[in-house]
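*Asks:* the following block contains a protein sequence and its predicted model.
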Amino acid sequence: MTGLYTLFHKELLRFWKVSLQTILAPVLSSLLYLLIFSHVLASRTEVYGGIPYTVFLIPGLVMMAVLQNAFANSSSSLIQSKITGNLVFILLSPLSYLEIFLAYVSASTLRGLMVGLGVYTVAAWFYPPPLQSLIWIVLFALLGSALLGVLGVIAGIMSDKFDQLAAFQNFIILPLTFLSGVFYSVHSLPPVWQFLSHLNPFFYMIDGFRYGFFGVSDISPYISVSVVLLCLVVISGWALWMLKSGYKIRS
C-alpha cells in the first residue's frame, strides 16, 4: 500500500498547494450562482410543496461543485503529466494499474467532497436546508465524486492537449451538469424534456443527493443509486482497461 499512498499523497498535495484556485474559487463561484438565481427566481418558482427556492437550490449547487471539481482534479493531473512528460515516472514505478486508478480517483473524490463541504457550509450559514437523511447525502456525494473522478481519468488519458480536455469539459460535463436539475425540478418540464432528463446520469446524482435533504425527489432514491452504481461500475471498467492496456499513455 506504500506506493498507492505515495501517489495519493502526491495528488493531494498537487491541489492543496493551490487551494485558493482549487478549493476557494469553486466555492465562490457556487455562491455567486446561489445569489443570482435565488434573487431572480425565488419569487417566481415553487418546488416540492412550498420549499423555498433558495433552499432547494443549495443541494444542487453543492453536488454540482462536487462533480465538476472531482472531474477537474484527475483530468487536469493526467493531462499535465502527459504534456510535461513526467507520467513516465509513474508508469515505470512498481505501481499496478489498479493502484494508479485508486490513487487518482481517491484524490479526486476528496477534492470534490472538500469543495462541496465548503459550498454547503457557507450557503447554510445564510439559508440552512433541512437534513432528512445523512446516509443518502454521504452516499450520493461519494458515488458522484468517484464517478466523475473516473471520468476525469478517462478524459485525461484520451486527451493529448489542453484543448481536447477543454472540449470534453465544455461539451460533455458542463451541459450534463447544468441540465440535470440543479436549478429546477424536472417535473416542471414538458414530457419530452423530462424523458431526456432521465437519460442523463447526472440527474440521478443530483436528485438522489437532494432527497437526503428534503426527503422528497423526482424519482425514487433507490432507482437513482442503482443507476449511479451501474454507471460507476461500467465507467470504472473502461478506465481500468485503458490503464492496463496502456492506451495513449504507453504508446
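*Replies:* Cool, the structure landed.
*Asks:* which of the three states applies to Ser180?
*Replies:* coil (DSSP: H, G, I helix; E, B strand; the rest coil).
*Asks:* tally of neighbours for it?
*Replies:* Ser180 has 23 neighbours, counted by other CB atoms under 10 Å. Just so you know, the C-beta spots here come from the backbone N, C-alpha and C atoms, and that holds for glycine as well.
*Asks:* pLDDT at it, what is it?
*Replies:* Ser180 is assigned 90 on the pLDDT scale.
*Asks:* again, but for Leu41
*Replies:* pLDDT, Leu41: 66.
*Asks:* same thing with Ala167?
*Replies:* 93.
*Asks:* outside of the helix or strand harbouring it, which residues touch it?
*Replies:* Using DSSP states H and E, Ala167 maps to helix 162-168. Identification of contacts with helix 162-168 by CB atoms under 8 Å, 6 or more residues apart in numbering yields 75-76, 79, 83, 155-156, 158-159.
*Asks:* next up, phi/psi of Ile51, please.
*Replies:* As for Ile51, its main-chain torsions (degrees, to the nearest 10) stand at phi -70, psi 130.
*Asks:* how about Gly85?
*Replies:* Per degrees, to the nearest 10, the backbone of Gly85 is at phi 90, psi 0.
*Asks:* same question, Ser217
*Replies:* phi -160, psi 170.
*Asks:* OK, contacts around it?
*Replies:* If you count contacts by CB under 8 Å, 6+ apart, Ser217 has them with 207-208, 210-211, 224.
*Asks:* again with Leu12
*Replies:* Neighbouring residues of Leu12 by CB under 8 Å, 6+ apart: 107, 110.
*Asks:* distance of it relative to Val115?
*Replies:* For Leu12, the distance to Val115 (CB to CB, to the nearest Å) stands at 14 Å.
*Asks:* thinking again about what came up before, pick the one among the contacts of helix 162-168 closest to Ile219.
*Replies:* The nearest member of those to Ile219, counting by CB to CB, is Ala155 at 27.3 Å.
*Asks:* can you point out the buried residues in the helix or strand containing the closest one?
*Replies:* Counting by DSSP H and E, the element that carries Ala155 is helix 134-158. Within helix 134-158, the residues that count as buried by 16 or more other CB atoms under 10 Å are 136-137, 139-141, 143-158.
*Asks:* not counting its neighbours along the chain, what's nearest the residue most central in space within the chain?
*Replies:* What sits nearest the mean C-alpha location of the chain, by CA atoms, centre = their mean, is Leu67, with 1.2 Å. Residue nearest to Leu67 in three dimensions, not counting chain neighbours: Leu148, with 4.7 Å by CB to CB, 6 or more residues apart in numbering.
*Asks:* same deal with Leu165?
*Replies:* Per CB to CB, 6+ apart, closest to Leu165 is Ser159, 4.2 Å.
*Asks:* ditto for Met114
*Replies:* Distances taken as CB to CB, 6+ apart put Ile23 closest to Met114, at 5.9 Å, once the chain neighbours are dropped.
*Asks:* run a quick neighbour tally on the one you found.
*Replies:* Ile23 is flanked by 18 other residues according to other CB under 10 Å.
*Asks:* in the stretch 151-251 of the chain, where is pLDDT below threshold?
*Replies:* Residue ranges of the stretch 151-251 of the chain with pLDDT under 70: 251.
*Asks:* what comes up buried for the helix or strand that contains Leu13?
*Replies:* Using DSSP H and E, Leu13 falls within helix 2-16. Of all the residues in helix 2-16, those buried under the rule 16+ other CB under 10 Å are 4, 7-8, 11-12, 14-15.
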